[in-house]
Structures are given as structure tokens and as C-alpha cells.
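Asker: got a predicted structure plus its sequence, pasted below:
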Amino acid sequence: MNAGMPTARIADLRQRLREASYRYHVLDDPSIPDAEYDALLRELEALEVAHPELADPDSPTRRIGAAPSGKFEPVQHAIPMLSLGNAFSAAEVEEFVARIVKETGVAEPEFSTEPKFDGLAISLRYERGRFVLGATRGDGATGENVTANLRTIKAIPLRLRGDAPPAVLEVRGEVYMPLAGFSAYNAHALAHDQKPLANPRNGAAGSLRQLDPAVTARRPLAFYAYALGEVSLDVALPPTHSQTLQWLRTLGFPVSALVGTARGAAGLLDYFARIGEQRDRLPFDIDGVVYKLDRYDQQQAMGFVARAPRWAIAHKFPAQEAATTVESIEVSIGRTGAVTPWVQMAPVQVGGVTVSRATLHNADQVARLDVRPGDTVIIRRAGDVIPEVVRVNLELRPHDSRGHPLHPAWKMPKRCPECDSAIEHIDGEVVARCSGGLVCPAQRKQALIHFASRRAMDIEGLGERFVDALVEYGPVHGIADLYRLTVDDFVEMKRRADEAAGELPETVKAGKIATRWAENLVAAIAASRDTTLERLLFALGIREVGEATAKTLARHFGALQPLMEADEENLRQVPDVGPVVAARIAHFFAEPHNREAIAALREAGVHWQEGQPQRAPAGPLAGKSVVLTGTLNALTRDEAKTRLEALGAKVAGSVSKKTSLVIAGVDAGSKLARAQELGVELWDEARLLAFLADHA
């Protein structure tokens, strides 16, 4: 490296980081993924350490965010709102703890452990218990006055609880947008031809920067407190940060149920693993966890560096966003004929996994993003969810010599790529659908995979690989054909599939007819003939009919024939069946080919018990929606569910505003947090067992 290179590289990094920070914090329009920003910042930090003569007080390494946008009155923070240093590996966490051990002399220091929310940091100032000022973090020294907007957020108390509030109390925390609220807001926006929000973080930041508080009030925003700023001398603070968080709860501030304490590096890494395992089930976005030395006297002993406290660090999860290039835009056909556009991309690592395709959901989403082949796109992946395209970097779009985009805007194809049937867009529906029905191989495959799934007919071993081959090379055109298959059919199907793939058939390679796998599949199909009405209804794949609705229908009608003959009006009398679901069910059973498929199943020997219609059981839990979460010691989840349903409860899988009661066992996670957020009644296992004993 020559003498000029560090200077040029440092200048380039500082400019790129300033621009990215401005786009992220001020315009709410990020230009690069968070992981790329972090990598550039770390490179700049390393260069500045290596070349202290090039230090600059205005460097991005000395700043926390971006300057205020200028829309709002500036607010000078009495105590700077500092950023945190980042750790990306277990080794970096261990180094952080080792430094604290060395400087404090405490062999195993205790830390407060907290999720790192992906929202907007704010400061709330209270005087004599009344909320008087709210500000964004801004550049750490100066933020923006967004008091009027913050007053619209119901989670933020306007007056503190208690009879003797401090003269001055400044509470810091995060405004965020819950995932359920984000999805509902975007669904409403799309239905009313309005621009949806790009992601929950941008939604929270943009909502607080609205000039009209009425607009903010319509956004689904929430808040968690996690720190203190200025506090008047009339307050005797607890000696630890974790105790302070508990005190803030008593004053009326929401504090995440995921906060805790841990000792030493091993305790911190265990917390990181536990929160990481829950991450995809949480009702809000997080991008890591935060460790803070718990005792305030130890915090003071550690002190600060230019832009961050030395007693705290953010341990970030692997990046869930990355940039890549679109190679082509394709469509796939689902079980109900839904046409889903997706992009084929240059392979890229996201969340620790290499991905090369991402969903675009529907044509409206493609139009909103204006994705085209050749574009550089930002994709996001959460857990095992298929990656999705978040945004397009229009500045990198390829153009011809005249400045025109090389590729035109994408349009939904008119014909199905699987069966050449017409693709239709039904009024009132967001998705387009192939009109081919079971004539379409894609729909046939997906219908068979669903039919064989564990919660449906539970045909063990009959997964996607075999279903694909059965449809392509075997005699399977409908669900009833499964029950006519023989071992020879499976062996012939496998032989043809191997030959089509250019491989030597396994039966030839083995030197004998290897049929054990085929015998197992035939036996599993035969075993599924004996089923229940609720499993059959779910397996048929009626749109909008999930497991719970299938069970309700089976109980309400008792037998299949009266259900098949019910009109929409009668169907709407079934608990939890609204007009849309009633229409779907009535339409399904009105289709001749669906009736023929059911008759063919009966002919193939599929049978189920039928009985008299059952009304919803009366009991002390009648009409109540109950959610089970965590591990129960005395009962299995299914046993608890059965006993609760016998007492009239509807046992649901997720927590919502309609939930009456949440029963939390050991290691309860996001559902418990969601229940606490909504104020839902909570029981532990001991109370559940006592209740069941009283009503045995």
C-alpha cells in the first residue's frame, strides 16, 4: 500500500458512510444493507486506529446517527444518546467480557441482557410526572422534537404512575412497528391503492417524522423502554440497570419480557442462542441482543470511548439482508392455482444461508418495487422463510447508450407455464390464478403434497420428491389414484425418473429389484384409508379451510353429505365461518370434479367415522380463545388442548386481541411476550391444573 492509499480509502469510506447514514436516518430510504454498512464502518475504524494522524472529529466513527432532517425543531440532549459497539462472533463477546474482568477485578461480572429492537431510538422527558418532550436520537447530541407524534402512541405514558414522581426523568427506548400491525397496514394500503411501507423499521421511523400527528396516530406503533437519560437529584436510583428496568415498569413504561441478567461470557452467549432461536417467532423485528454491565458503579469504572460506552455492546445476528443481481423473473403455480412471481438471482449469503431465488409475492408487489432483470436488489431472509425482495437500487439499474432501461417493466404472463391454461385475475383478489385446475400439473402436485401431509392424511414418506415423479412419470392424475398404486408402479416411476435425469436406474445399479422403499410407501398409503372427517376436510385443500375450521365443520355437521349440501347461508351459521369462508366451501362442493374426487376416494376404500352434529361444548371456557405456549410438565400439548376444548375453549395457535387467555409453560417465548404486550390474562401450569381439577 503506497502512502496515498490510506488517505484516499479513509476519505472514500467516510463519504460512503455519511451518505448511507443520511439515507437511512433522514430519508428512511436505505441504500445499502445493514451488514454492508457495518463492514464499511469496521474497516474505517481499523484504518483510523492504524493511522491516528488521519483522525477527524467529524468521522462517522465518532458519530451515532445522522443530523436532524430540518423538518422539526432541534432538541439538544442533556446527556448524549450514544451508540453501541458491535460484536459479530462469540470470540468478540469473550474479549468484551475479558476486558471488563481485567479492569474491574470482578471474576464473573453480571450483565443486563436485552433484545436489540429494530426501530427508532427516542428520548422521553417527564417533568413532575408529565410527558413534556420527546425527541429522536439524531446525531446523538441533537435530535428532533417529535413530541406531538409520540403522544399518539398508546404505549407511551403521558403521566407517570405513583404519587411522588421525579422532578425530571428522561427515559430512552425504541419506537417500533409490530409485525402484525405492519402486515395489516400494508394489506389495507394495497387494498386502497396506497403505497405500502417498505419494512417495519422504515415504517416506524417514517411514522414519527410525519408533519401531521393524525397520520402518525393511524400507524400501528409501539414502544419499549430500555435506558435512562437525565434524572433529577430527588430520585434514589437502584444500584443496577436491571432493577431500574423493573422500576420503570412500576412507573408505567413497557419493558420487554425478554430482558434478563446473565453472568460471564458463557451466560451472555447462552442468552444470545436462546433469543436467536425465538427470533423468527417474535412479534417484532430484532437484529441482535444487547449486553450491559448491570451495576452502575462498574459502568462508571469502565467509562466511555468517543462514540460508545465501554460497558455495553450489541451482539448482532448474521445479516438477514444482502444485495445481489436479478437474473430473471419467473412465476410458480401453487395448490390453489395462485401465481407467485419470483426472482432468480446471483447466489448470495443471507442469514448464514446461500440463496439464489426470492419471492415477489404478487404482481402488485412487482409493480410497486419495479423489479427488472439486471437490477441490483436488497433481499431479506428470516429463519426458514423464503427470501423476499425488499427494494431495488435504482441508481445501479443498467441503461442503454440513450439512457433507457435495458429491460422493460415486468408483466404477468397470460398463460400458465405449466399447462398453458389462461391466467386469470379475479376481482377482489390480489393474486392471479391459473384456470387449469387439476389439469395443471403444478396444482396437482401441490394438492397431492398437501393431501399426504402429516396434519392431513399423514402418508409417511410421500413427500415432494415422490409426488413430482408420480405426476410426471406415474399414473397419478388425482388424489384417489394414490390408493390404486402398487409396488410395480413405484418402481417403474423411479426407473423413468432416473432415465429422464440421465442416470442409471437404481434398480439396475443395485443388481436386483430394490423395492423396500416402494413397499413402505404402499403400506403408508393403505394405512391412511382409515381417517377422520376433520382430517379429510383439511386434506381436500378447500381454500380458507385450515385445521381449526375443518374440526369445527366436522363437529357442526357430523357427516360429510350434509356439509356438501349446505348453502352459504347455512354455512355462515357455523362458529367462526364468515361469508368469505362460506363462499369458498360452497363453491368447492358445487364443483363436479371435486364431488367426483370424493366419490373416488370412497370407492378406493377411504373411510371415516360419522355421527350426530355437535354443538360447541358448553362449559366455563365457552366462547373463550385460549393459547398454549412453552412446555407443560404434567400434560402433553395435545392432552391440554383436548381438555380445554372439552370445557368449551377454542384453542388457537397465535395470540391476538381476540385471545382471552394464555397458558404459559416453561421456556415460553414470543407468544408470552405478545400476551404481555396486549394485556391478555396469563396462567401458569399450576393454575391450569388446579382449574382442570375443579372442573373434572
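Answerer: Arrived safely, thanks for sending.
Asker: quick one, helices of the stretch 551-696 of the chain?
Answerer: 560-565, 568-571, 579-590, 592-603, 637-646, 670-678, 685-694 (DSSP state H, counting those that start in this stretch).
Asker: could you give the angle of the fifth one to helix 685-694?
Answerer: It refers to helix 637-646. 50 degrees (axes from the mean of the first three to the mean of the last three C-alpha atoms, to 10 degrees).
Asker: what does helix 637-646 contact?
Answerer: 617, 619, 621, 626, 628, 632, 635, 651, 663, 688, 692 (C-beta atoms under 8 Å, 6 or more residues apart in numbering). For the C-beta atoms, the positions are set from N, CA and C on the backbone; glycine is no exception.
Asker: okay, who's weakest in the residues you listed by pLDDT?
Answerer: Ranked by pLDDT, the contacts of helix 637-646 bottom out at Pro617 (55).
Asker: ok, back up a step: any chance of the contacts of helix 637-646 in JSON lines, plus neighbour count and distance to Arg495?
Answerer: JSON lines is the format used below for the contacts of helix 637-646 (neighbours: other C-beta atoms under 10 Å; distance: C-beta to C-beta, whole Å):
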{"residue": "Pro617", "neighbour count": "13", "distance to Arg495": "53"}
{"residue": "Gly619", "neighbour count": "15", "distance to Arg495": "57"}
{"residue": "Leu621", "neighbour count": "21", "distance to Arg495": "56"}
{"residue": "Val626", "neighbour count": "23", "distance to Arg495": "52"}
{"residue": "Leu628", "neighbour count": "23", "distance to Arg495": "47"}
{"residue": "Leu632", "neighbour count": "19", "distance to Arg495": "49"}
{"residue": "Leu635", "neighbour count": "17", "distance to Arg495": "49"}
{"residue": "Val651", "neighbour count": "20", "distance to Arg495": "47"}
{"residue": "Ile663", "neighbour count": "26", "distance to Arg495": "53"}
{"residue": "Leu688", "neighbour count": "22", "distance to Arg495": "55"}
{"residue": "Leu692", "neighbour count": "17", "distance to Arg495": "56"}
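Asker: closest to Phe451 among those?
Answerer: Phe451 lies nearest to Val651 out of the contacts of helix 637-646, by C-beta to C-beta, at 24.6 Å.
Asker: how about that closest one: what's its closest non-neighbour residue?
Answerer: Nearest residue to Val651, sequence neighbours excluded (C-beta to C-beta, 6 or more residues apart in numbering): Lys641, at 4.7 Å.
Asker: what count of nearby residues applies to the one you found?
Answerer: Neighbour count of Lys641, defined by other C-beta atoms under 10 Å: 15.
Asker: per-residue confidence at the residue nearest the centre of the chain?
Answerer: Using C-alpha atoms, centre = their mean, the residue of the chain that lies closest to the mean C-alpha position is Asp280, 5.2 Å off. Note for Asp280: predicted pLDDT of 81.
Asker: could you report the distance from it to Leu672?
Answerer: Using C-beta to C-beta, to the nearest Å, one obtains 16 Å as the distance from Asp280 to Leu672.
Asker: residues near the residue lying closest to Pro579 once chain neighbours are set aside, how many?
Answerer: Spatial nearest neighbour of Pro579, excluding adjacent residues (C-beta to C-beta, 6+ apart): Arg572 at 6.2 Å. Around Arg572 there are 15 other residues, counting by other C-beta under 10 Å.
Asker: gap between Arg572 and Leu560?
Answerer: 19 Å.
Asker: same check on Pro441?
Answerer: Using C-beta to C-beta, Pro441 is found at 28 Å from Leu560.
Asker: just send the helices of the stretch 551-696 of the chain back as CSV, with distance to Leu268 too.
Answerer: Formatted as CSV, these follow (distance: least, C-beta to C-beta, whole Å):
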stretch, distance to Leu268
helix 560-565, 55
helix 568-571, 54
helix 579-590, 47
helix 592-603, 56
helix 637-646, 31
helix 670-678, 20
helix 685-694, 29
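Asker: where among those is the average confidence lowest?
Answerer: helix 670-678 (a mean of 79).
Asker: give the buried residues for that one.
Answerer: Residues 670-677 are the ones in helix 670-678 that count as buried (16 or more other C-beta atoms under 10 Å).
Asker: quick one on the thing from earlier: quick one: closest of the helices of the stretch 551-696 of the chain to Glu45.
Answerer: Closest approach to Glu45 among the helices of the stretch 551-696 of the chain is made by helix 670-678 (34.1 Å; C-beta to C-beta).
Asker: which helices and strands does the closest one pack with?
Answerer: Packed against helix 670-678, as judged by 3 or more C-beta pairs under 8 Å, 6 or more residues apart in numbering; DSSP states H and E, are the following elements: strand 625-629, strand 661-664, strand 681-683.
Asker: and that helix with strand 625-629, angle?
Answerer: 130 degrees.
Asker: which residues sit against helix 670-678?
Answerer: Residues outside helix 670-678 that contact it (C-beta under 8 Å, 6+ apart) are 178, 222, 254, 256-258, 278, 281-283, 627, 629-630, 654-657, 659, 662, 664, 682.
Asker: mind giving me the ChimeraX command for buried ones among the residues you listed?
Answerer: Only the buried entries of these go into this ChimeraX selection, using 16+ other C-beta under 10 Å:
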select :178,222,254,256,257,258,278,282,283,627,629,630,655,659,662,664
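Asker: okay, and which of the contacts of helix 670-678 map to strands?
Answerer: In this view, the contacts of helix 670-678 that belong to strands under DSSP state E are 222, 627, 629, 662, 664, 682.
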